[in-house]
Structure formats: structure tokens, C-alpha cells
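J.: predicted model follows, preceded by the sequence.
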Amino acid sequence: MKKLILHITPHVSGGLGRVLFTTLKNSLKKKSLFRHEFLIIDRKPLAKESIKKFLKYKKNIHIKKNKTFIKNKIFEADIVQVEFWNHPEIYELLIGFKFPASRLILCCHINGFSRPQLITQNVINFSDIFMCASKVTKDHALFSSGKNIQNSKKFRFIKFPVDLMRFKNLKKKKHSGFNVSYIGTLDYHKLHRDFLKMSNSINIPKVKFLICGSGDDKARIENESKKYFNEKFKFFGFVENIKKILEITDVLGYPLNKKHYGTGEQIILESMYAKIPVVAFSNNPEKVIIQNKKNGLLVKDAKDYINTIERLYANKNEIKKIGSNAHEHILKNFSSSACFNNLEKIYNELLLKKKKLRVFKNLIPINDKNYGSKLFIQSLGDKANEFLKSYKNKGRSINIKANHNIKNAEIELRSINKGSLFQYLYYYPNDPYLNFWAGLISLKDEDVLKEKYKPLPKTTYQCFSRAVKFDKINKEFKYYKKISNI
């Protein structure tokens, strides 16, 4: 029987879901040495479109199972692979779950440089192998410093393949005008904040922007597009069969913000295979994927982004040349056979080691009333400064500096998901400090609360009231509750 690789993940949506699905399909081939099963642990409802493609393989998918089932599966598995990024369910698993003896890979789906999507030393320590989907992570201080020899020994880089069969018989179709597509996450903690403004400034006759995807800012982006000539922007929502969009795409415009958490960016690779020039900002993760002016185009700022797409429109030969180079690059470097052979080498390497028990360095009792805030602080590692100071203050005084810094937290910590403060509050709604910090953030802009999911508080006063409710002796909480109701 093939050796079992047990994947543990909160969900199977987006690029992660595509990678895991391709991995599963490959494992069913006779030449594969491994079989793969997936434990999906998110307590939130799963998106129907993300689960739909796995329905054919029900015996390989285990959704929302109890701890006994999870322990038995880990015990059965030859290798456990935790799909890692900053997510409350992942940190609860690492810190609050008692792992049976196992061989453990943490497969990192973030580049790890910016809050809240960080790589921490405790996470690396917990793994046998720390496997990354972007070469850029090798430059992370935890791996690049000469002091971190043990970290470097654990580091492995893996390319995930393009599912070429998904795009079988893809042919460019004639269409009116010039189509610039964006396919991906509609969330400003990843997408460039001026995406619509830049797009609207592109001066091309009959240009259309085909926007596919879902995300926390989808409704906001659609609403903001109405400020411009609305006929330019076409929103398609989540599209499973993306081939029909790629067939009518002239350029993929993929401007991400500088602090985005991404790694392999499957849609860049898929567009390159489809012979579509990709125009992206020159962020570090994109720079290790795209060779500028050879198989794609990297730009330095908004003006350069606009000018580059206008230049492509005026030079169809450049579109053809870059598209052809991109296609050849994918065939050469991202075939399933080459990528999965490398992945299975890593599995075989780990099989030579014995299973072992492991304990996360900073354990948190599950019944701790501050469990969620402690988990959140743990996820930020050595970049949790203002939150850690606020927590350690214990309400003895008004910590003006820490509270000011929390109030002005970056957009990535203010979103709904992706390791944000509000995602942790969603999972731990009775945590006093998470409610308090949410109140501080909303002091700057209370509208940040109005877009959040239930059961999150909807007003600043509610945030501070809940903090007091769950910690009645904290004087700082009481002070902010009082002043927020004036």
C-alpha cells in the first residue's frame, strides 16, 4: 500500500485548493508512491465552490472531525503535512492539540515578511521540515542569518505545478476591444489599493477589465467601480472554469500591494501557460516568478503599470513574444511530473526519520479566558510588540503609546480574514482583549466594524462593553467603555 500523507488545512479554497486538488489527482496515478487524504478543520461553513471539485474523492476528504478522529488519523499517517499560514484554527491545532508521535511538514503558503502573515521561530521549531512555496522566503531573517543553521537545514522550496489538463485545448478567441483581466483575491490586504484608479487611467480604446474572484472587499470594490465609467469593469465573481476567461484575455493585470502575503500565485503561472503577458508590481514574490521583459513585465509604480499596459496594446508583437516565452517557461519548469517528483523526494527523505512527539514551546490552556488574544500574540511572534505590552499592562493604567499604535494598525490587521485581529475575534468572541483591541481600532474609523461578520460587535461601545463583560476588574477596559459612550 502507498504511504499516507495526511494534509491538515482549515479550507480548500483559492490557489491552495487548486494545489491540493492537483496533488490528489497526481497521487492516484500508479507511479505515485504516496496517497493523500485531507482533514479540513475550519469550524466556519465551507464555501460550496471550493468543496465541489473534491466530491468525486469523498473517501480522501474528512470535514470537521472530532479530536479523537484527528488523533487516530495522525497516528495512521506516515507523514502529516499542515498547510500553514496565520489562521486561528492552525494555531489552535499547533498550540492546543496534543499531537501523537508523527513526522511533520509545515507547508508554508505565505512569504512570511509582513504582519499578520508571519513565520515565527516557534513554528519552525515545531516542524521536521519547513516547506515553502516561494523562493523569496529563503531571504527571510529566520533562514538567511548565519545564526539559524538549524532553520536552514529544515528549509525546503517546492514548486507546485500548473494543472495543464485543466487548460487542455485552450484557444484564444476573437473578441471586441482589449481585455485586461484580474483573477484572484478581491481584498485590499492583497490587491493594490489603487487598482480601480490605475485601471480607469489606462487610455486604450474599448478597454474592458474582467474581474474574477471573491474576497472580503468584493462588495466594496464593486461599489467603488461605480465612481468610474462603469462599462469598463465587468465582475464575474468566483469562476471555476477560468479557461473561458483566459481565452478572451489580452493581458493579466495583477497589481498586488507591497505587503501582500502571497507566494506561488497560481494565476500568474496559469496565465503564462495560456500565453498571456502578466503585468505585475516588482514585489519580491513576483520577482522570483517573472523574468522582467522576457516572460512577463514587472513595474515599479502606478504610472509604470498604466504605461506598460498601454504599450502592450500598441505592440501586438510584444504580446505574442512575451506570451510565447511564458508558455515555454511553464512547460519547462512547472510540469506535474517534475514538480511531484521533487515533492516525493522530500517525503522519502522524511520517511527515513522516526516519528516523534512534539510540544509547541508556548502552550496555552484551552480554558484560559484570554486564549484568543494569547493565540493572536503568539501568531505575530516578535512583531506583537504593542499587543503584548497592552496585554501585560493588565489594565493597571492607560497605556497611551500601545493603544495609539493599536488604534492605527495597518490595513492587514483590520480586515476580516487572513490572520487579522478581527478573524481571531470571530473565532474567540468572548476574549476580553480581542474585543478591547477591536474597540481601539474602531476609534479611528467605526465603519471598520460595519462590514464584519456576526457575531462581531458593530459599534465601538459594544467592543468595550464586551471587554468589560468578560473581564470585570480591568480598569482600562472600564475607562474606554465610559468615554466611548459620551
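T.: Now that the structure is in, tell me what you want to look at. Residues are numbered from 1 along each chain as shown.

J.: low-scoring pLDDT stretches of the stretch 301-450 of the chain, where are they?
T.: The stretch 301-450 of the chain contains residues with pLDDT under 70 at 363.

J.: how about the helices in it?
T.: Secondary structure of the stretch 301-450 of the chain (DSSP state H, counting those that start in this stretch): helices at 302-314, 316-333, 336-351, 371-380, 385-393, 400-407, 411-414, 421-427, 432-444, 447-450.

J.: so is the closest residue to Cys339 other than its chain neighbours in a helix, a strand, or just coil?
T.: Nearest non-adjacent residue to Cys339, counting by CB to CB, 6 or more residues apart in numbering: Pro161, 3.9 Å away. No exception for glycine: its C-beta is placed from N, CA and C like everyone else's. At Pro161, secondary structure determined by DSSP: H, G, I helix; E, B strand; the rest coil is coil.

J.: show me what contacts Cys339?
T.: By CB atoms under 8 Å, 6 or more residues apart in numbering, Cys339 lies in contact with Ile158, Lys159, Phe160, Pro161.

J.: where is pLDDT lowest across those?
T.: Ranked by pLDDT, the contacts of Cys339 bottom out at Pro161 (82).

J.: what number of residues lie near that residue?
T.: Using other CB atoms under 10 Å, Pro161 has 22 other residues around it.

J.: contacting residues for it?
T.: Pro161 is in contact with Thr22, Phe334, Ser335, Ser336, Ala338, Cys339, Phe340, counting by CB under 8 Å, 6+ apart.

J.: my read: the second one touches Gly264, true?
T.: Right, the one you point to is Phe334. No - counting by CB atoms under 8 Å, Phe334 stays clear of Gly264, with 9.5 Å between them.

J.: what is in contact with these two at once?
T.: With CB under 8 Å, 6+ apart as the test, Phe334 and Gly264 both reach Lys159.

J.: still on that earlier bit, among the contacts of Pro161, who's most crowded?
T.: These, ranked by neighbours (other CB under 10 Å): first place Phe340, 23 neighbours.

J.: what sits against it?
T.: Thr23, Asn26, Ser32, Pro161.

J.: what's the answer for Lys475, then?
T.: Each residue near Lys475 by CB under 8 Å, 6+ apart is listed here: Gly395, Arg396, Ser397.

J.: which residue packs closest to the first one, ignoring adjacent ones?
T.: It stands for Gly395. Nearest to Gly395 is Asn474, by CB to CB, 6+ apart, at 3.3 Å.

J.: helix, strand or coil for Leu106?
T.: strand.

J.: okay, now it: neighbour count?
T.: Leu106 has 22 neighbours, counted by other CB under 10 Å.

J.: any idea what it is bridged to?
T.: Val82, Phe130 (DSSP bridges).

J.: that one reaches Val82, doesn't it?
T.: Yes - judged on CB under 8 Å, Leu106 makes contact with Val82 at a distance of 5.3 Å.

J.: fine by me, thanks again.
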